[in-house]
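1. Requesting a structural model of the entry that follows:
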Amino acid sequence: MTRRHKATELHLLWDDPDSSMAPAPAAEYMLSDALLPDRRGPRLKGLRLELPLDRIVKFVAVGSPLLLMSLAFAQEFSSGSPISCFSPSNFSVRQAAYVDSSCWDSLVHHEQDGPGQSKMKSLWPHKALPYSLLALALLMYLPVLLWQYAAVPALSSDLLFIISELDKSYNRSIRLVQHMLKIRQKSSDPYVFWDELEKARKERYFEFPLLERYLACKQRSHSLVATYFLRNSLLLLFTSATYLYLGHFHLDIFFQEEFSCSIKTGLLSDETHVPSLITCRLTLLSVFQIVSLSSIAIYTILVPVIIYNLTRLCQWDKRLLSVYEMLPAFDLLSRKMLGCPINDLNVILLFLRANISELISFSWLSVLCVLKETTTQKHKIDTVVDFMTLLAGLEPSKPKHLTHPACDEHP
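-> Next up is the predicted model:
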């Protein structure tokens, strides 16, 4: 049943003038349908242990270098030799192949820096391009591994416990209304029902101390938030290192398509028919430029996303808690969220929002919140117990004609 169908069904009950006089069997059936099923068995497989934006950052930061690496390898294999040297015309085919191989192995540009002086510049980033992309992908995967091994085990157990307790808290409220309905049916004295309900409210039978104390402990804990900060900080650090690498090594040779190569080494150093310098052309310069520009563009886009992930921890996410304040006495948690939001509780709230599909009670409480805001009834409705009490055909507040005896007893 979708949330819209639930809202329609509850709205019909609310707008029906005879709903306050609903027969007992109908009220019992309605309350039984409102109870959540007891889900047992492994639920860890359905949990999302990464936030949606973190998952996008992971796939882009790790996947894009691997994609560009495959492009570089594919272009290299399809084009053959990555360089083409202009060997002298008297060179044989084998000698020309040797020149290409030797110049690619050395990949050093010899530039005349004055009379009789030459300046050498290494072009090794062209040769190391696929392997540098592989190293970048592995480097970007390190923060993911850190999160998986340092935070996921504790986070999964926290989420399972909190999700289970929130659903149980909702069920307790529904069972309480069922209990009140049985008291109303069995007792002919109306004072018994109202005394029991007011006694429960005064003595705060609705509190969930285990869950609230657990969440209060998480507010004083900082292991999850520290790991999350470290993960995103490492991503920013590795992104900065990528910028430095591209700026220092790639920018200097970004537009250099030709270079002068010297093969007069070893046995060829004394050969007079071998020229001192041979001009070679880099056939894969366009791939090198595409990879460099793509890497800069991709990681420039990722930086604001990473910073946004960090800034979300600097403010409380109360959207989910505003719905669960419909649970009786659960508003105590909101009063405790006045301190610094940089703690494990805020991280857990973000992951509860990401796992909202696992919180079955959230859809029911959301519907009740909508109906609570749109209702025109005069009754005071603060919690799901008040709302379900009214839908079950019981008045949520004591009628005026029943309050006089109480006043007479306690003048």
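
2. which stretches of the protein have low pLDDT?
-> For the chain, the stretches with pLDDT under 70 are 1-45, 113-118, 184-194, 196-209, 266-272, 328-338, 372-411.

3. mind listing the strands for it?
-> 83-85, 108-114, 117-122, 258-261, 278-282 (DSSP state E).

4. got CSV for those, with mean neighbour count and distance to residue 248 too?
-> All C-beta spots, glycine's among them, are computed from the backbone N, C-alpha and C. Shown next, in CSV, are the strands of the chain (neighbours: other C-beta atoms under 10 Å; distance: least, C-beta to C-beta, whole Å):
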stretch, mean neighbour count, distance to residue 248
strand 83-85, 21, 23
strand 108-114, 13, 17
strand 117-122, 12, 12
strand 258-261, 20, 19
strand 278-282, 18, 19
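
5. Between the ones you listed, which one is closest to residue 223.
-> For residue 223, the closest of the strands of the chain is strand 117-122, at 45.6 Å, according to C-beta to C-beta.

6. quick one, which of the strands of the chain is nearest to residue 238?
-> Short answer: strand 117-122, nearest of the strands of the chain by C-beta to C-beta, at 24.3 Å.

7. circling back to that earlier point, residue 219 is nearest to which of the strands of the chain?
-> strand 117-122 (55.0 Å).

8. out of the strands of the chain, nearest to residue 289?
-> For the strands of the chain, the distance to residue 289 is smallest for strand 278-282, at 10.4 Å, taking C-beta to C-beta.

9. what angle do the closest one and strand 108-114 make?
-> With axes from the mean of the first three to the mean of the last three C-alpha atoms, to 10 degrees as the basis, strand 278-282 and strand 108-114 are set at 130 degrees to each other.

10. Sheet partners, orientation included, of strand 278-282?
-> As defined by DSSP bridges, the strand partners of strand 278-282 come to strand 83-85 (antiparallel), strand 258-261 (antiparallel).

11. before we move on, back to that, out of the strands of the chain, flag the one nearest residue 69.
-> strand 278-282 (18.2 Å).

12. I would like the residues contacting the closest one, please.
-> 82-88, 99-100, 103, 123, 126, 256-263, 288 (C-beta atoms under 8 Å, 6 or more residues apart in numbering).

13. Ok, stretch 243-250 next?
-> By C-beta under 8 Å, 6+ apart, stretch 243-250 touches 125, 132, 288, 292, 295-296, 299.

14. Make a ChimeraX selection of the buried ones in these.
-> Restricted to buried positions by 16 or more other C-beta atoms under 10 Å, the ChimeraX selection for the contacts of stretch 243-250 reads:
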select :125,132,288,292,295,299
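
15. could you dump the strands paired with strand 278-282 to TSV with distance to residue 161?
-> As requested, the strands paired with strand 278-282 are exported to TSV (distance: least, C-beta to C-beta, whole Å):
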stretch	distance to residue 161
strand 83-85	61
strand 258-261	63
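
16. Nearest to residue 175, out of these?
-> strand 83-85 (78.0 Å).

17. hang on, the earlier thing: filter the contacts of stretch 243-250 down to the ones in helices?
-> Judged by DSSP state H, the subset of the contacts of stretch 243-250 located in helices is 125, 132, 288, 292, 295-296, 299.
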